[in-house]
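Novice: A structural model of the following input is requested.
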Amino acid sequence: MNELLFRQALFLNGKFHQWHYWGLIDGAFVGIATGDWSPIEAIKNSQMSTGLLDKNKVKIYEGDIVQWHTWDGYVGSSPVEFRDGLFYPVASGCLEYERFDKDKGIKIIGNIYEYKES
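Specialist: Presented below is the predicted three-dimensional model:
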């Protein structure tokens with residue numbers, strides 16, 4: 001069965017606390033968590049599933065930070081963004097899909113709320 005899946009960032013005392021998953025899940029609609037927010041604010045904190053899995057079989061969402069390899073040996077990381085109807089790992093403004101080393105895959109290493117580069 002197809003899912004239309006989103007995850008919503010929930011915050012406690014101004015810091016990321018946990019995810020709330022909503023959308024069409026297993027044939028039933030699960031709604032957003034509003035709490036102290038308006039529905040519009042709750043939707044702004046939501047990220048759509050890409051429908052894809054990383055190399056460890058973990059669902060990839062917009063806002064995830066993914067690590068990728070290119071065929072010429074470069075290793076990079078970037079957030080996943082939805083634009084122009086497609087999901088992109090965004091690095092330095094543009095990344096050509098043809099350069100990905102598909103054998104090494106893409107791996108989630110964090111998300112925009114929890115990942116801090118060292």
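Novice: Could you list the residues in contact with stretch 57-64?
Specialist: With C-beta atoms under 8 Å, 6 or more residues apart in numbering as the contact definition, stretch 57-64 has outside contacts at 5, 7, 47-50, 52-54, 66, 79-82, 87, 106, 108, 110-113. Any C-beta I mention is one placed from the backbone N, CA and C, and that applies to glycine too.
Novice: quick one: buried residues of that stretch?
Specialist: When neighbours are counted by 16 or more other C-beta atoms under 10 Å, the buried residues of stretch 57-64 are found to be 59, 60, 61, 62, 63, 64.
Novice: and the end-to-end length of it?
Specialist: Length of stretch 57-64, first residue to last, C-alpha to C-alpha, to the nearest Å: 14 Å.
Novice: Now do it: distance to the chain's middle.
Specialist: Computed by C-alpha atoms, centre = their mean, to the nearest Å, the separation of stretch 57-64 from the middle of its chain amounts to 4 Å.
Novice: Confidence-wise, which helix or strand of the chain is lowest on average?
Specialist: Sorting the helices and strands of the chain by mean pLDDT, DSSP states H and E puts strand 86-89 at the bottom, at a mean of 74.
Novice: Now do that one: which elements does it pack against?
Specialist: The elements that strand 86-89 packs onto, with contact taken as 3 or more C-beta pairs under 8 Å, 6 or more residues apart in numbering; DSSP states H and E, are strand 75-83.
Novice: Please list the outside residues in contact with the strand it packs on.
Specialist: Counting by C-beta under 8 Å, 6+ apart, 48, 50, 60-70, 87-91, 95, 109, 112 sit against strand 75-83.
Novice: Each with direction, which strands does it pair with?
Specialist: Paired strands of strand 75-83, with direction, are strand 64-69 (antiparallel), strand 86-89 (antiparallel) (DSSP bridges).
Novice: helices or strands up against the strand ranked longest in the chain?
Specialist: Longest strand in the chain, counting residues (DSSP state E): strand 15-25. Contacts defined by 3+ C-beta pairs under 8 Å, 6+ apart place strand 15-25 against strand 4-12, strand 28-30.
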